[in-house]
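Chemist: let me see the structure of the following:
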Amino acid sequence: MRLLIIGGVAGGASSAVKARRTREDIEIIIFERNDYISYANCGMPYYVGNIIKDRDDLLVVTPQYLKKRFNIDVRTRNEVIKIKGDEKKIVVKDLVNSKIYDEKYDKLIISTGASPILPPSFKGENVFTLYNLEDMDKIKGFIENNRPKKALVLGGGFIGIEMAENFQNLGMDVTICEKADQILLPFDREMAKIAEEYIEKTSVKIIKNKGVAKIEEGMAYFEDGTHLDFDIALVSLGVKPNSGLAKDAGLDLGIRDTIKVNEYMETSVKDIYAAGDVAENFYAFDKSKTWIPLAGSANKQGRIAGYNSVSSGEKKIYKGTLGTAIAKFGEITFACTGYNEKTLKERGVDYISCYLVSESHASYYPSSREIYIKLLGDRDGKVLGAQVLGFDGVDKRVDVFATAIYSGLTFEDLESLDLAYAPPFSSAKDPVIVAGMIGNNIARKEVSSVTSIPKNSVILDVRTRKENTKGSIENAINIPIDEIREKADELNNLKDKKIIVHCATGYRSYIVSKMLKNKGFRDVSNLSGGYFFYKKNITSE
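Modeler: Prediction:
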């Protein structure tokens, strides 16, 4: 039996190794048009920024390693130019000597990945994308030879922000340009704004709502007629799947021109599989189609394709993605999983949204830092999404949320989790648990919670008077929480009014909301996230 694999890196390499571990008696050949079969592309920004010193540390496996340990034939600089599905044959071009030859297969896996989007109007020897090692080497070489002082990053996604950080680490003045009204599009706007404010405090400039029409001779020309000069530009506008080979072979394409696959990673043509960034994906919790090109998904899909392509036993099932992602800039970390609020609105889901501003570990233990959480779920309390930003412990919290979404857990389940606690690591009530409590209170209608202030409502500010002097919501009544009981009679004329209670972050106002409700106030709601999130421009309708 012959298994041929088109493309290496996460999807192709993992499928080859899994296939070999499944069967020893088959021939496996990988065709890769570039020089490298597998590398840590997520580490490339940090090599550019001299955080990772040795380039070889990014080389995960080599052709020699795969041949010696797994008896896999790896042919780099060999590009597959055609698939003949009816003949079960591929046409290959050896890029070293331009020789063209055929290879027959019994099973075929397509893992041709994706390519960065680079508009044809973006021209210049100092304009780069970053997707593979060749791109990385070009950027590194340009920096070493030209010592650029001003960097322009087009696109405020994860790679763009990581590159902005590393350009700054190299001493450059950095500007991030994002055509949308926020950076970090997988996040909701108010959560992205936390990252934006931190990044701008480091002297990185962020330009939003402004697209670039063309780039030439070290100048970016914006659509509004303005322009900006730079010494080096990094274009990070996303990627597109390399599905042309599959399309020409008659394979069905799916969302955003990815290769359509089923849960076994089988394509529409018998004995052909697809995996990695070129393959269609779906959300694990509702099976809706998506395309989120991430290394984790590529590795899992590759394993499934590799096993199913050679096994005669029961097939393995790929169970989908949550889009879980994490990155950092300086000290701040930002992570997300599942649906964001924008997607829930688009899909017409009746959802619950709540915020938590907390500490990364017990506040009395030194070096505790802020952590900001947005938690989303349906009206039955099922967890559907989470966004976490902060300076410590973000990774472990988002992973708990991802596990909860994958497992179909509810806010109440989060509230009941038994998580590790000691003062240097967490609080007795971990932020995940507290977020679950907040969501569960809303789902069970123990408290009414809002994330925006409805018109014609009375706003009650229960912060201290000192806090109030540093900023307040217009027309808010300021009565500190510890004076509410003694002054409750003064509020009796508001018993039939719609009252929105707020504090700095939502906890004291929750206590007051419950207090007023128990005293007979008819319509009382807590402003989730308090004045902190109000300042992020989300709390007025």
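Chemist: quick one: the helices in the stretch 401-541 of the chain?
Modeler: Per DSSP state H, counting those that start in this stretch, the stretch 401-541 of the chain carries helices over the ranges 411-416, 431-443, 465-469, 507-518, 530-533.
Chemist: could you count how many residues lie near the residue nearest to Ser367 when sequence neighbours are not counted?
Modeler: Nearest residue to Ser367, sequence neighbours excluded (Cβ to Cβ, 6 or more residues apart in numbering): Asp392, at 7.7 Å. For glycine as for every other residue, the C-beta is placed from the backbone atoms N, C-alpha and C. Asp392 has 17 neighbours, counted by other Cβ atoms under 10 Å.
Chemist: JSON lines for the helices of the stretch 401-541 of the chain, including mean neighbour count and distance to Met1?
Modeler: JSON lines is the format used below for the helices of the stretch 401-541 of the chain (neighbours: other Cβ atoms under 10 Å; distance: least, Cβ to Cβ, whole Å):
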{"stretch": "helix 411-416", "mean neighbour count": "20", "distance to Met1": "45"}
{"stretch": "helix 431-443", "mean neighbour count": "24", "distance to Met1": "47"}
{"stretch": "helix 465-469", "mean neighbour count": "12", "distance to Met1": "71"}
{"stretch": "helix 507-518", "mean neighbour count": "19", "distance to Met1": "62"}
{"stretch": "helix 530-533", "mean neighbour count": "23", "distance to Met1": "58"}
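Chemist: retrieve the pLDDT associated with Glu486.
Modeler: Glu486 is assigned 89 on the pLDDT scale.
Chemist: now do the phi/psi pair for it.
Modeler: Per-residue torsions, Glu486: phi -70, psi -20 (degrees, to the nearest 10).
Chemist: show me the shaky parts of the stretch 401-541 of the chain.
Modeler: Segments of the stretch 401-541 of the chain classed as low confidence (criterion: pLDDT under 70) are 537-541.
Chemist: how about the strands in it?
Modeler: 448-450, 458-461, 477-478, 498-502, 523-527 (DSSP state E, counting those that start in this stretch).
Chemist: reformat those strands as a markdown table; add mean neighbour count.
Modeler: As requested, the strands of the stretch 401-541 of the chain are exported to a markdown table (neighbours: other Cβ atoms under 10 Å):
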| stretch | mean neighbour count |
| --- | --- |
| strand 448-450 | 20 |
| strand 458-461 | 21 |
| strand 477-478 | 16 |
| strand 498-502 | 26 |
| strand 523-527 | 23 |
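Chemist: quick revisit: Arg379: which of the helices of the stretch 401-541 of the chain is closest?
Modeler: Minimum separation from Arg379 across these (Cβ to Cβ) falls at helix 431-443, 6.7 Å.
Chemist: list the helices and strands that closest one packs on?
Modeler: Here helix 431-443 touches strand 351-359, strand 370-378, helix 394-406, helix 411-416, strand 448-450, going by 3 or more Cβ pairs under 8 Å, 6 or more residues apart in numbering; DSSP states H and E.
Chemist: in a markdown table: the strands of the stretch 401-541 of the chain, plus distance to Glu217.
Modeler: Compiled in a markdown table, the strands of the stretch 401-541 of the chain are given as follows (distance: least, Cβ to Cβ, whole Å):
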| stretch | distance to Glu217 |
| --- | --- |
| strand 448-450 | 52 |
| strand 458-461 | 54 |
| strand 477-478 | 57 |
| strand 498-502 | 52 |
| strand 523-527 | 51 |
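Chemist: what is the least confident helix or strand in the protein?
Modeler: Least confident helix or strand of the chain, by mean pLDDT, DSSP states H and E, is strand 59-61 with a mean of 89.
Chemist: what comes up buried for it?
Modeler: Under the neighbour-count criterion of 16 or more other Cβ atoms under 10 Å, strand 59-61 has 60-61 buried.
Chemist: run through who's touching it.
Modeler: With contacts defined as Cβ atoms under 8 Å, 6 or more residues apart in numbering, strand 59-61 is touched by 13, 36-40.
Chemist: and the furthest pair within the residues you listed?
Modeler: Ile37 and Ala40 (12.5 Å).
Chemist: looking at the two, which is more packed in?
Modeler: Set Ile37 next to Ala40 and count neighbours by other Cβ under 10 Å: Ile37 wins out with 25 against 17.
Chemist: quick check: that one touching Gln64?
Modeler: No: look at Ile37 against Gln64 with Cβ atoms under 8 Å: they stay out of range, at 9.9 Å.
Chemist: look up how far Gly439 lies from Tyr507.
Modeler: 14 Å (Cβ to Cβ, to the nearest Å).
Chemist: not counting its own residues, what contacts the strand or helix carrying Ala13?
Modeler: Element membership for Ala13 (DSSP states H and E) is helix 9-22. With contact meaning Cβ under 8 Å, 6+ apart, helix 9-22 is reached by 3, 5-6, 26, 28, 30, 32, 37-39, 41, 60-61, 66, 70-72, 109, 111, 113, 273, 275-279, 295, 298-299, 301-303, 305-307, 309-311.
Chemist: same thing with stretch 210-229?
Modeler: Taking Cβ under 8 Å, 6+ apart as the rule, stretch 210-229 contacts 119, 121-124, 126-127, 150, 152, 154, 175, 177-179, 230-231, 233.
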